[in-house]
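K.L.:
when you get a sec, could you give me coordinates for this:
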Amino acid sequence: MNVHSILQLLVLINETKTQADLTAELETLMSGYGFDYHGVWIHDRSDKRLTNMMMVGRWPEGWRKHYKTKNYASIDPLRRMLARAQRPYRWRDAIQTFRDDPYRKRMMRLLQDASKVGLIDGYVFPIYGKTGLIGQFNIGGRPIDLSPVEMSLLDAAGRKMFWRLLEMQGIAADLETSVVIDPELTRRQMEVLKLLAEGMTSNEIARELQISSHTVDWYINVIQEKFHARNRQHVIATAFRLGLMT
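P.N.:
Alright, predicted model coming up:
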């Protein structure tokens, strides 16, 4: 397989008229390269109309349910890398990044479980919008080496397909006009946010920071306004989506 196949997909993305045709073109490319699994995902939206949804793709049957049951999201190196990455990355590089993590044993259990269903290695292509991380193109299966040129072209193809799918679903304009979130927080606001993400109540945060609970509530309200969040849970979800928490 060579770069011409990816270039052909880049051209066909705009020419396809239906999501089924677009999916078929992606399947052809992935099969040609030998990737067993792939997915184009859209990430958490403030209106909750779309929440970490795979728009198109093929993933191991039952894996997402197993992943959720085992609560692997909190220690998944691919997910944690996604919160900080600005460029595409290989799965094994993300795993290496967290090699000294205190949750290494659980991480290794996750990798073992993933390998059993064929998720051994792959690549993640983050997709960003003006509100931060809005999606990803993920491909995987057995280990396959991609050249830097192929990585760049697949990155472009993932983004282009992401927006084309949104156009077909009639929600691209809605996403483009969504409210811009200001991620700039003061040191104290970040301290409160971190403790809130750890599950602490206002009183517990107050004791930890040696301030009043009313002051804590004021900080949280300010953060909530900055994030255009509806409640504290939405604040935490937005913080992770923006990469402020890992």
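K.L.:
quick one: pLDDT of residue 158?
P.N.:
With respect to pLDDT, residue 158 has a value of 96.
K.L.:
tell me what the nearest residue to it once chain neighbours are set aside is bridged to.
P.N.:
Distance criterion C-beta to C-beta, 6 or more residues apart in numbering; nearest residue to residue 158, sequence neighbours excluded, is residue 137 at 2.8 Å. For the C-beta atoms, the positions are set from N, CA and C on the backbone; glycine is no exception. Bridge pairing for residue 137 (DSSP bridges) gives the partners residue 40, residue 125.
K.L.:
list the residues that contact residue 137.
P.N.:
Contact analysis of residue 137 by C-beta atoms under 8 Å, 6 or more residues apart in numbering lists 38-41, 124-125, 127, 154-155, 157-159, 161-162.
K.L.:
next one: residue 30
P.N.:
Per C-beta under 8 Å, 6+ apart, neighbours of residue 30: 38, 139.
K.L.:
ok, 10 Å please
P.N.:
Going by C-beta atoms under 10 Å, 6 or more residues apart in numbering, residue 30 touches 9, 36-38, 57-58, 139-141.
K.L.:
what's the separation between the residue lying farthest from the centre of the chain and residue 226?
P.N.:
Largest separation from the mean C-alpha position in the chain: residue 212, at 35.6 Å (C-alpha atoms, centre = their mean). As judged by C-beta to C-beta, to the nearest Å, residue 212 and residue 226 stand 21 Å apart.
K.L.:
and for residue 126?
P.N.:
23 Å.
K.L.:
show the subsequent helix or strand relative to the one helix or strand in the chain whose mean pLDDT sits lowest.
P.N.:
Using mean pLDDT, DSSP states H and E, the weakest-scoring helix or strand in the chain turns out to be helix 172-176, at a mean of 71. Next helix or strand after helix 172-176 toward the C-terminus (DSSP states H and E): helix 187-197.
K.L.:
residue 61 versus residue 170, what's the distance?
P.N.:
29 Å.
K.L.:
got a markdown table for the contacts of residue 30, with pLDDT, secondary structure and distance to residue 117 too?
P.N.:
Formatted as a markdown table, the contacts of residue 30 follow (pLDDT from 0 to 100; DSSP: H, G, I helix; E, B strand; the rest coil; distance: C-beta to C-beta, whole Å):
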| residue | pLDDT | secondary structure | distance to residue 117 |
| --- | --- | --- | --- |
| 9 | 93 | helix | 26 |
| 36 | 96 | coil | 10 |
| 37 | 97 | strand | 9 |
| 38 | 96 | strand | 14 |
| 57 | 94 | strand | 15 |
| 58 | 94 | strand | 12 |
| 139 | 97 | strand | 15 |
| 140 | 96 | strand | 10 |
| 141 | 96 | strand | 10 |
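K.L.:
now, which of these sits nearest residue 149?
P.N.:
Nearest to residue 149, judged by C-beta to C-beta, of those is residue 9 at 14.4 Å.
K.L.:
how about the residue lying closest to residue 101 once chain neighbours are set aside, secondary structure?
P.N.:
Closest residue in space to residue 101, ignoring its immediate chain neighbours: residue 107 at 6.3 Å, by C-beta to C-beta, 6+ apart. The three-state label for residue 107, taken from DSSP: H, G, I helix; E, B strand; the rest coil, comes out as helix.
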